[in-house]
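**Q** Next come a sequence and a model predicted from it.
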Amino acid sequence: MAVNEQGHAGKYSGNSRHSYNHAHTKVTAGNYEATKRDDEAHMDYLKRDVLYDAHHGHSDANMTSDEKHISKLAGDLKYDEKHHGPSKELKGEQHTLPVHLQKAIMASDGPGRHCIK
């Protein structure tokens, strides 16, 4: 667990020089929202960088690299939402169901597909 300069211990927040390596941070349901905000901000920065480069006649190779990076981040967001997003949480009274049904709900691809066959 990382401890930043203010002495706060916790998972990756992106604000500390001594935090986990951003590129290798495992996404969980607990840090999904922070990861999503971080990736969206990174994509926004890259988009602005591409527009700046295009306006000022900078390298096409750099713009292509940034565009590929944006595409990769978008793919990461899509994957993270499917596997760690709010849709993978138990809703309402589902936490009172037997464990095997709870596991089936969590493993399903969508709502209503939690029936055991």
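**A** Done, it's in.
**Q** State the mean pLDDT of the strand or helix carrying Ala34.
**A** Using DSSP states H and E, Ala34 sits in helix 32-55. For helix 32-55, the mean per-residue pLDDT is 92.
**Q** what residue ranges in this structure are flagged as low confidence?
**A** 1-24, 87-92, 94-95, 105, 108-117 (pLDDT under 70).
**Q** which stretches of it form helices?
**A** 32-55, 60-84, 99-107 (DSSP state H).
**Q** and those helices as a markdown table, adding mean neighbour count and distance to Thr25?
**A** The way it works is simple: take the backbone N, C-alpha and C, and place the C-beta from them, glycine included. Listed next are those as a markdown table, based on neighbours: other Cβ atoms under 10 Å; distance: least, Cβ to Cβ, whole Å:
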| stretch | mean neighbour count | distance to Thr25 |
| --- | --- | --- |
| helix 32-55 | 14 | 7 |
| helix 60-84 | 14 | 11 |
| helix 99-107 | 13 | 22 |
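**Q** Quickly list the domain ranges of the chain.
**A** Listed domain ranges for the chain are 2-84, 89-117 (source: automatic domain parsing).
**Q** And the nearest residue to Tyr52 once chain neighbours are set aside, how far from Asp49?
**A** Among residues not flanking Tyr52 along the chain, His58 sits closest, at 7.6 Å (Cβ to Cβ, 6 or more residues apart in numbering). Taking Cβ to Cβ, to the nearest Å as the measure, His58 and Asp49 are separated by 9 Å.
**Q** And Thr35, by the same measure?
**A** 21 Å.
**Q** Over to Ser59?
**A** In terms of Cβ to Cβ, Ser59 sits 11 Å off from Asp49.
**Q** isn't Trp53 right next to Asn62, touching?
**A** Not quite, residue 53 is Asp, not Trp. Yes - Asp53 is within contact range of Asn62, at 6.0 Å (criterion: Cβ atoms under 8 Å).
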